[in-house]
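Visitor: sequence first, predicted coordinates after that:
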Amino acid sequence: MKSPRFAVVWLSIFWLGSAFGLEADPQPVETATRTEISPEIAAAKSELEAMFITDQAQRRQMSEVEKTHGANSAEMRALWSKQNESDAHNIVRLEEIIAKHGWPKRSVFGDKAAAAAFFILQHSGPSYQKKYLPPARAAALAQEMNGSHLALLEDRILVRENKNQIYGSQVHRNEAGDFEAHPIEDAAHVDQRRAALGMSPLAQYLQGFADRSGGKVANAKDELPPTEAPPLTQHLFTETDGAKTAYDKLRLYPPQRGDAALQFQLACRDFCLRFLTSSLYGAVRVLAATFSGWLTAENLTQLRSWNPAEGESDPRLNVEQRARIAVLNVTNKPPRAGPGISEADARLDLLANALRPHLRTDAARDGLAAAAVDASPAKAIALLREIYPGDIAVMPTIAALELMGRLCNLKFMAVDGRAFDLQELRGKAVIVLFSSVGDQSWAKKYPQI
């Protein structure tokens, strides 16, 4: 008997042959036969089609910028900020259309507008996706929505709930920067399920991401150690473990002091000796540097030739990984504050000097921004403006630093419904915890945040 999750999505499998593929957000073509529509629906149809065209143009631009500047670049952050604003506006407008006309059906709105409704929902927050999943399922069953689009929506909701997806449509970059699908239920038969909905094989789908955004597809097979691999000096992973298995064991190992910290570093060293050419080599060196602060002076002597801090100069690492280790080499040690200089200011100075060779990396920007928030605002602002003049990724940190020490005039509604005005709480110590649920409708209401 099929599980309930499988039963839901298999209901849509009879709808084969699709005018729209999932993989590349293609331009839809009109195939459905439509009835006469009212001027009001015609206007909504045109609006949905226009939103779709704009959305796809923005995402194609992002793919090109990612190829040139990288996924975590300042240029990509600026584009994502713009895209998030667009997504927030689009889902609010789609809700208004659904409230008036119901879910946009292919036979009424046409293929392009129906596809636009799906993509707007797919790019919205989880609360919207779960809310409109039932009408989307009903539309797919009635052949009023592309069945493969429903598969995308089902997968995204499952992944956001930390569950295995069904069709392998949700993809991410792993620790090595390679594209791979999030965990899949019954992965051995995923291509059969994809084929039933007119979707390409998973390997071809993943390759499409690599072609559009740059990079490569992760090796699905666990890379085995060489036949004459050096013997292990620890027990955190075994002789027969492949690179990915060994890496996962290291990644999940809880940081501890004493002998446990030594064992962890020995395991990182063993990994790097056994899997010298693995795409996960750099990720393990970063792990080793991350927890090097747990080592004692005696531990460092016992490690002999292995020094976690030397990952900064390892040519096998990419520029972001080397910069990340440079940050860790400073932050893992207590700074020596001089007369009249706080520890936070001393750490910021040390970081700024250590990161001079890495300033163009995101790891350097993030490391300096985090240290700047703890340092004295005037010093931090001057340093960030000197190092990153006009850098859009650093501007929010500078803006936050400029507001420190100023009176906070803020009104908000607490989760229990009480209204608060901080002017009425002057002179009191107040802790305010802000949180955002999945959708970003608040971005439309409060664009200044």
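Guide: All right, it came through fine. Please read all numbers here as calculations on a predicted model, not as lab measurements.

Visitor: tell me the contacts of residue 215?
Guide: Neighbouring residues of residue 215 by CB atoms under 8 Å, 6 or more residues apart in numbering: 173, 177, 178, 179, 209. Bear in mind the C-beta positions are built from the backbone N, C-alpha and C, glycine included.

Visitor: cool, and residue 191?
Guide: Residues in contact with residue 191 (CB under 8 Å, 6+ apart) are 201, 202.

Visitor: and it, what element?
Guide: In this structure, residue 191 sits in helix 190-196 according to DSSP states H and E.

Visitor: what ranges do the helices span in the stretch 51-200 of the chain?
Guide: 74-101, 106-109, 111-122, 126-141, 147-160, 190-196 (DSSP state H, counting those that start in this stretch).

Visitor: just give me the residue right at the centre of the chain.
Guide: The centroid of the chain falls nearest to residue 172 when counting by CA atoms, centre = their mean (7.4 Å).

Visitor: ok, now how distant is that residue from residue 213?
Guide: Using CB to CB, to the nearest Å, residue 172 is found at 12 Å from residue 213.

Visitor: list residues touching both of these two?
Guide: Taking CB under 8 Å, 6+ apart as the contact rule, residue 172 and residue 213 both touch residue 179.

Visitor: count of residues packed around residue 70?
Guide: Using other CB atoms under 10 Å, the number of residues around residue 70 comes to 20.

Visitor: and what of the one 3 residues further on?
Guide: Close neighbours of residue 73, defined as other CB under 10 Å, add up to 18.

Visitor: returning to that earlier point: identify the residues contacting the residue nearest to the centre of the chain.
Guide: 179, 180, 182.

Visitor: make TSV from these and add distance to residue 79 and neighbour count to it.
Guide: Shown next, in TSV, are the contacts of residue 172 (distance: CB to CB, whole Å; neighbours: other CB atoms under 10 Å):
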residue	distance to residue 79	neighbour count
179	19	19
180	23	17
182	23	18
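
Visitor: and which of these is nearest to residue 320?
Guide: Proximity of the contacts of residue 172 to residue 320 (CB to CB) peaks at residue 179, which lies at 16.7 Å.

Visitor: so who does the closest one touch?
Guide: With contact taken as CB under 8 Å, 6+ apart, residue 179 is in contact with 171, 172, 173, 206, 209, 210, 213, 215, 216, 217, 218.

Visitor: show me what the second one bridges to in the sheet.
Guide: Judged by DSSP bridges, the bridge partners of residue 172 are residue 180.

Visitor: number the residues from 22 up from this point.
Guide: Sounds good: first residue 22 from here, last item residue 193.

Visitor: show the pLDDT at it.
Guide: Here the pLDDT value assigned to residue 193 is 89.

Visitor: can you map out the strands along the chain?
Guide: Per DSSP state E, the chain carries strands over the ranges 192-194, 200-202, 432-434, 440-442.

Visitor: how many neighbouring residues does the nearest residue to residue 115 once chain neighbours are set aside have?
Guide: Sequence neighbours aside, residue 141 is the residue nearest to residue 115 in space, at 4.8 Å (criterion: CB to CB, 6 or more residues apart in numbering). When neighbours are defined as other CB under 10 Å, residue 141 has 26 of them.

Visitor: tell me how far the residue nearest to the centre of the chain lies from residue 180.
Guide: Counting by CB to CB - residue 193 and residue 180 are separated by 9 Å.

Visitor: where do the contact lists of the two overlap?
Guide: Common neighbours of residue 193 and residue 180 (CB under 8 Å, 6+ apart) are residue 203.

Visitor: rewinding a little: the residue nearest to residue 115 contacts residue 75, correct?
Guide: No. Applying CB atoms under 8 Å, one finds residue 141 not in contact with residue 75, separated by 10.9 Å.

Visitor: overlap in contacts of those two?
Guide: Contacts common to residue 141 and residue 75, judged by CB under 8 Å, 6+ apart, are absent.

Visitor: list the residues that contact residue 310.
Guide: Residues near residue 310 by CB under 8 Å, 6+ apart: 329, 330, 332, 333, 345, 346, 349, 350, 353.

Visitor: thought the fourth one was touching residue 341?
Guide: Read that as residue 333. No. If you go by CB under 8 Å, residue 333 and residue 341 don't touch, sitting 11.9 Å apart.

Visitor: whichever of the contacts of residue 236 end up buried, select them in PyMOL.
Guide: Remark: buried members of the contacts of residue 236, expressed as a PyMOL selection using 16 or more other CB atoms under 10 Å:
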select buried, resi 198+199+200+230
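
Visitor: return the closest of the contacts of residue 236 with respect to residue 259.
Guide: Set against residue 259, the nearest of the contacts of residue 236 by CB to CB is residue 199 (24.3 Å).

Visitor: against residue 169, how distant is that closest one?
Guide: Distance, residue 199 to residue 169, using CB to CB: 25 Å.
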